[in-house]
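K.L.:
After the sequence you'll find the predicted model.
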Amino acid sequence: MKAVVVGGGIIGLCSAWYLREAGWDVELVDRSDLHDNCSYGNLGMVVPSHFVPLATPGIVAQGIKWMFDAKSPFYVKPTPSWRLINWGLKFINSAKADKVDYAAPFLRDINLLSRSLYEGWKRDALFDFSFEQKGIMMYFKEEKTAEEEYHLAEKARAMGLDAVSLNKAEAQAIETGTRLDVLGAVHYRCDGHLYPNQLMPALIASLKKKGAQFRLGHAVSKVHRNGKKLLSVDAGPENIPGDLFVFAAGSWLPELTSKAGVKISLMPGKGYSFTVENPAVKLDIPAILCEARVAITPMAGRMRYGGTMELATTQETVNMQRVRGIVESIPKYFPDNTLAMPSQQEVWYGFRPCSPDGLPYIGTAKGTDNLVIAGGHAMMGLSLGPATGKLVAEIASGETTSVNVAAFRADRF
């Protein structure tokens, strides 16, 4: 039995890896040569702590305020797009307390599954990807944020997650790499981090060693379908048949699924990062700056900084004002860490695939028998990669899934 996986980011690669483990012949198709995509430049965080989806109460009002600040963490480009309007209406409807509470255990469980799979890869020494489990520090400077973060930490502990609420002195005792200017922090000791630039080529090499085939450099131009069954896809000059199809095309997922007659609500959210090769200041523990919505990760002797969310089309441009917002936020939390503004060439950007409710799509596409959707992971693609891949393989093989995937149904909108 042959599985055709369309998409060579972390979700597609992990889907291919676990399908191959389950005995499927696998062919992976991607428009690129796999040397750079959204999975390479992210912050490398593995985050069971992120059990709150993107769509939350209050985020709409906060987002409107941010839209008027060129350096803010969030921006929606005004455009007469029905796709954006439709997504926005679904987002507003999803940003409700009861829906957030419903989603929390699903996100916790899939993140914990993914973390355990990363631990297994490291334990079995399948490949080196610099996986460490030092946790993540959530720093805050404002009283209102402190109340919110301490309350969230209480909820995390109630859900069985290892989270410790800290004042400034306690946080400073843990983070010895630099001086802090914060009110306090929450240390999510349940979290980990890795180096994506090692993980991605290692996964590709492992797949090739396992016998997976790669068809690169051509986007899927056509999907051949007969009733509920997909038959093949055209990519460049080749027609590629299969028994199972997995669409894991990241922010290009709606365009791909439309070729199969399937609608998926999703918008690309552009994020930026830059990496300092020889940093003067090195954090011991990865950090998220709550008010600034900036993330920082030590990676194999380097420091990577990233953030922002621009909801728009997949435009190949860099908004340096957004990058400036990241740079200027750092010394507000770490006074001894004043960064030079990177050049445009040093800035990496990628498109996070955002569903309207902030939950991934994992499951069989509506009206099909052999098309599995795997996408919409927003900022958690790398964190959820292995778990998604394993779940895809279990769904494809008709097995009971390792965790409940009811909240991730591909046909929920």
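P.N.:
Thanks, I have it. Numbering: from 1, shown residues only.
K.L.:
for the stretch 1-150 of the chain, what spans make up the helices?
P.N.:
10-21, 59-66, 82-94, 97-123, 143-158 (DSSP state H, counting those that start in this stretch).
K.L.:
Tell me the buried residues in the next helix-or-strand element following the last one?
P.N.:
Following the chain from helix 143-158 toward its C-terminal end, the next helix or strand by DSSP states H and E is strand 163-167. Neighbour counts using 16 or more other Cβ atoms under 10 Å place Ala163, Val164, Ser165, Leu166 of strand 163-167 among the buried residues. Backbone N, C-alpha and C define where each C-beta goes, glycine included.
K.L.:
With stretch 285-305 instead?
P.N.:
Buried positions in stretch 285-305, judged by neighbour count with 16+ other Cβ under 10 Å: 285-290, 292-299, 303-305.
K.L.:
before we move on, what about stretch 268-281?
P.N.:
Applying 16+ other Cβ under 10 Å to stretch 268-281 flags Pro268, Gly269, Lys270, Gly271, Tyr272, Ser273, Phe274, Thr275, Val276, Pro279, Val281 as buried.
K.L.:
starting at the chain centroid, how far to it?
P.N.:
Centre-to-centre, stretch 268-281 and its host chain are 16 Å apart (Cα atoms, centre = their mean, to the nearest Å).
K.L.:
Same question for stretch 35-55.
P.N.:
Its chain's average C-alpha position is 3 Å from that of stretch 35-55, according to Cα atoms, centre = their mean.
K.L.:
Quote the end-to-end distance of that stretch.
P.N.:
Distance between the boundary residues of stretch 35-55 (Cα to Cα, to the nearest Å) amounts to 31 Å.
K.L.:
same check, this time on stretch 171-188
P.N.:
End-to-end distance for stretch 171-188: 12 Å, by Cα to Cα.
K.L.:
what does that stretch contact?
P.N.:
For stretch 171-188, the external contacting residues (Cβ atoms under 8 Å, 6 or more residues apart in numbering) are 47-49, 135-143, 145-146, 149-150, 152-153, 156, 161-168, 170, 281-285, 287, 332-337.
K.L.:
And stretch 364-373, by the same measure?
P.N.:
For stretch 364-373, the surrounding residues in contact (Cβ under 8 Å, 6+ apart) are 15, 225, 228-230, 242-247, 253, 257, 260-262, 264, 361-363, 392, 395-396, 410-411.
K.L.:
now, which of these lie within helices?
P.N.:
Secondary structure defined by DSSP state H assigns Ser15, Leu253, Thr257, Val392, Ile395, Ala396 of the contacts of stretch 364-373 to helices.
K.L.:
Now the second one: closest residue in space, sequence neighbours ignored.
P.N.:
Once its chain neighbours are removed from consideration, Leu253 has its nearest residue in Gly375; the separation is 4.3 Å (Cβ to Cβ, 6 or more residues apart in numbering).
K.L.:
Thought Val262 was touching that neighbour, still the case?
P.N.:
No: in terms of Cβ atoms under 8 Å, Gly375 does not count as a neighbour of Val262; the distance is 11.7 Å.
K.L.:
Which of the two has more residues huddled nearby?
P.N.:
Just comparing Gly375 and Val262: by other Cβ atoms under 10 Å the higher neighbour count belongs to Gly375, 30 against 22.
K.L.:
So what's the predicted local confidence for that one?
P.N.:
On pLDDT, Gly375 comes in at 98.
K.L.:
Pull up the gap between it and Ser32, please.
P.N.:
Gly375 sits 16 Å away from Ser32 when distances are taken as Cβ to Cβ, to the nearest Å.
K.L.:
How about Thr317?
P.N.:
Distance from Thr317 to Ser32, by Cβ to Cβ: 18 Å.
K.L.:
Looking at those two, which has the bigger crowd around it?
P.N.:
Ser32 (13 against 10).
K.L.:
Contacts only, for the more buried one.
P.N.:
Ser32 neighbours (Cβ under 8 Å, 6+ apart): Gly8, Leu216, Gly217.
K.L.:
I figured the first one hits Leu34, correct?
P.N.:
Read it as Gly8. Yes: between Gly8 and Leu34 there is a contact under Cβ under 8 Å: 4.6 Å.
K.L.:
Tell me the secondary structure at Gly398.
P.N.:
What DSSP: H, G, I helix; E, B strand; the rest coil gives for Gly398 is coil.
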